[in-house]
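Participant: Give me a 3D structure for the following:
(one chain, ligands or ions: 1)
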Amino acid sequence: MLDVTASLARKGGLSLHFKPTRVEFRNLVRSIMLKSCSNLPILYSLQHCPYAMRARLGILLAQQSVLIRAVVTNNKPAEMLAISPKGTVPVLIINHIEGSEAQHQPGALVDERIIDASIIDESIDIMLWALKRNDPQNLLRAEDPVHLESMLELIRKNDKEFKSRLEVYKLAKRFHKESEVKDRQDCEVFIAALEKRLERHHNLMGDQDSLVDYALLPFVRQFARVDRKWYLQSPYPKCRDWLNRHLQMPLYTKAMAKYPLWLECHEAFLLGKN
Ligand SMILES: N[C@@H](CCC(=O)N[C@@H](CS)C(=O)NCC(=O)O)C(=O)O
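Facilitator: Numbering: from 1, shown residues only. Sure thing, here's the model as predicted:
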């Protein structure tokens, strides 16, 4: 087995600029999996990151099991940066054995026949990977691809427009900037659109929960926490109900469990069914 650290040392250490060849990449991932002593996928996760929360929710909703490696942004593990040089969290490693994914059973020992692996380093893709394996609540609305596309469209809007406005608003609040009200109003365009949807039905895409409810939840939660006092009397009562309902689910508490940092204890923790 190739030792990751030795291989990387030869490359001059790990950095965001490290670009492994296909073979090095495969050996690197194989080495990470074999060292993990488990066939379970590995999820690099960040406690309060809304994208990582979304990924953990997806995994729990799909009743999948993964090993969580808790990280912080100012000290990311070298091996994570090597397999996903863009350096964002979450990152999921899935191994494959002879053309198929490994049996992801908790307790199953790592298989020496691991021949390949996939890296998923976009939170929505982690949700989709998990729910395509198992979707007991039909959150993907499997019978209707058009419905899935409109969910993804709203999620893209959240990630591309709302999230950046939210960051500006959070900073304005934190540093008592004069622009705070205006920055909040920029966010409210998206929140008002969600409120309109929730006036029509119980959840964002109909009465039943769907992918989009869980994908957006962590971001709306952040918005609600910037100025709690304002939020509690804001003209978005449906949004408040929707958020409260989801935050009160045991699933949410499970997704928010706190784990010791991987780089401090080198221990990964089981998330999912056990
Ligand atoms: N598009 C990515 C975005 C993930 C992302 O930006 N995560 C943040 C943490 S919330 C991050 O890792 N930022 C890099 C950094 O802070 O160094 C996804 O959906 O997974």
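Participant: So which bits of the chain are right by the ligand?
Facilitator: Where the chain comes near the ligand, counting by C-beta under 6 Å from any ligand atom, the residues are 46, 49, 51, 73, 87-90, 122-124. The way it works is simple: take the backbone N, C-alpha and C, and place the C-beta from them, glycine included.
Participant: Turn those into CSV, columns for secondary structure, distance to residue 96 and neighbour count.
Facilitator: Below are the residues of the chain next to the ligand laid out as CSV (DSSP: H, G, I helix; E, B strand; the rest coil; distance: C-beta to C-beta, whole Å; neighbours: other C-beta atoms under 10 Å):
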residue, secondary structure, distance to residue 96, neighbour count
46, coil, 26, 18
49, coil, 27, 19
51, helix, 25, 20
73, coil, 29, 10
87, coil, 24, 13
88, coil, 23, 17
89, coil, 23, 23
90, coil, 20, 28
122, coil, 19, 18
123, helix, 22, 27
124, helix, 22, 20
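Participant: After the strand or helix carrying residue 68, which helix or strand is next? Please name it.
Facilitator: If you go by DSSP states H and E, residue 68 is part of strand 65-70. Sequence-wise, the next helix or strand downstream of strand 65-70 (DSSP H and E) is helix 78-83.
Participant: returning to what we had before: for the strand holding residue 68, give the mean pLDDT please.
Facilitator: Across strand 65-70, pLDDT averages out at 96.
Participant: which stretches of the chain have low pLDDT?
Facilitator: 1-19, 97-116, 274 (pLDDT under 70).
Participant: Kindly state the domain boundaries assigned to it.
Facilitator: Listed domain ranges for the chain are 4-139+253-272, 145-250 (source: automatic domain parsing).
Participant: Residue 204 and residue 146, how far apart?
Facilitator: 16 Å (C-beta to C-beta, to the nearest Å).
Participant: By proximity to the ligand, which residue of the stretch 151-274 of the chain wins?
Facilitator: Nearest residue of the stretch 151-274 of the chain to the ligand (C-beta to the nearest ligand atom) works out as residue 159 at 6.3 Å.
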